[in-house]
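Chemist: Structure for this input, please:
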Amino acid sequence: MQIGEKKGLLDNDAALYSKRDDSKSAKKKFKELKTKKEKLAWLKAYALKPAIAGILVLGFVIYIVYSIVKPKVKSVLNAAVLDYYCAAETLDEMEQDYITSTGLELGELEEIYFASYNTGADTMYAESAMTLSTLVYAGSLDLIIAPEESFDGQAFSGVVRPIDQYLTEEEIASLGDKVHKCKIRLPEEDVDIEITPKNSKGDYYSLGITLDGSEFAGKYGGQNSDQKMVIGIWGSAKNVDQAVAYIKWIAGIK
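Modeler: Numbering: from 1, shown residues only. Next up, the predicted model:
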């Protein structure tokens, strides 16, 4: 091949050896594309992933901001029904019965909430029992409603308030034998797992009210347990006034 021919070939393929021009902006490069297919390919290669990432980041930011500023629903009465089978519809009915019967007016973001928990020793109930403990110590529960044995187990550990702190002497007297008494574990008994409400040396306290003959027992009792049901106030309760109002209502105290 002659030198002139070589030079001609180099001239023809000079574009292959020319330095790439990376100084062009993405916008300018996009405008230089001729066909719709080329433009779609460019967008897919260079713009799709950043766009998706941007949308995800924006969505996350919006979610965080909404979680912070959105109005919170406030529970004006939160009750735990322990070891006592209740369908979700029954729990809803318990809430509505109280609201309707007392004419209680709730704000737009206020609610009364009843939920059931099982504290049985079986491992299948471990999550429910743990949730209950967390809510109790966080002060998120106001009322405890449970069969006598379950109630006494909670009361014995010191997490239920004496009911006679919130009712007058006349109101306590009107209840007669419906005032439920239970022992509270003594400090020196804390390490002995064999100590129970029955063999503890602690004193008896008025910690609840039995629901025998009440509207609650008549409407929701019977099929669940052969034990009498007891109602009381959790020690960490925040809505104490509403809890007392509910107890008076359910016990028929005028």
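Chemist: which ones are touching residue 195?
Modeler: 185, 189 (C-beta atoms under 8 Å, 6 or more residues apart in numbering). (Each C-beta comes from the backbone N, C-alpha and C, glycine too.)
Chemist: give me that answer again for 6 Å
Modeler: residue 189 (C-beta atoms under 6 Å, 6 or more residues apart in numbering).
Chemist: can you pull the buried residues of whichever helix or strand residue 216 is part of?
Modeler: If you go by DSSP states H and E, residue 216 is part of helix 215-220. Neighbour-count burial for helix 215-220, counted by 16 or more other C-beta atoms under 10 Å, picks out 216, 220.
Chemist: Check which element follows that helix along the chain.
Modeler: According to DSSP H and E, the helix or strand after helix 215-220 is strand 229-234.
Chemist: how about the helices in the protein?
Modeler: Using DSSP state H, the helices of the chain run over residues 3-12, 14-17, 26-32, 36-46, 48-69, 88-102, 126-137, 148-156, 169-175, 215-220, 240-251.
Chemist: These: lowest mean pLDDT?
Modeler: Here the lowest mean pLDDT among those goes to helix 14-17, at a mean of 43.
Chemist: Around residue 107, how many other residues sit close by?
Modeler: Neighbourhood size, residue 107 [other C-beta atoms under 10 Å]: 9.
Chemist: neighbours around the closest residue to it other than its chain neighbours, how many?
Modeler: Once flanking residues are discounted, residue 107 sits nearest to residue 74: 7.8 Å by C-beta to C-beta, 6 or more residues apart in numbering. By other C-beta under 10 Å, 11 other residues sit near residue 74.
Chemist: Residue 74 is in contact with residue 110, isn't it?
Modeler: Yes. Contact status for residue 74 versus residue 110: in contact at 5.3 Å, counting by C-beta atoms under 6 Å.
Chemist: Quickly note the distance from the residue nearest to residue 107 to residue 109.
Modeler: For residue 74, the distance to residue 109 (C-beta to C-beta, to the nearest Å) stands at 6 Å.
Chemist: same question, residue 80
Modeler: In terms of C-beta to C-beta, residue 80 sits 22 Å off from residue 109.
Chemist: When these two are compared, which one has more neighbours?
Modeler: Using other C-beta under 10 Å, the more surrounded residue of residue 80 and residue 109 is residue 80, with 23 against 9.
Chemist: Just list whatever residues bridge to that one.
Modeler: Listed beta-bridge partners, residue 80: residue 115, residue 144 (assigned using DSSP bridges).
Chemist: From residue 105, how far off is it?
Modeler: For residue 80 relative to residue 105 (C-beta to C-beta), the value is 24 Å.
Chemist: Just give me the neighbour total for residue 101.
Modeler: Residues near residue 101, counting by other C-beta under 10 Å, number 11.
Chemist: Name the nearest residue to it, sequence neighbours excluded.
Modeler: Spatially, and ignoring its direct neighbours in sequence, residue 101 is nearest to residue 249 (7.0 Å; C-beta to C-beta, 6+ apart).
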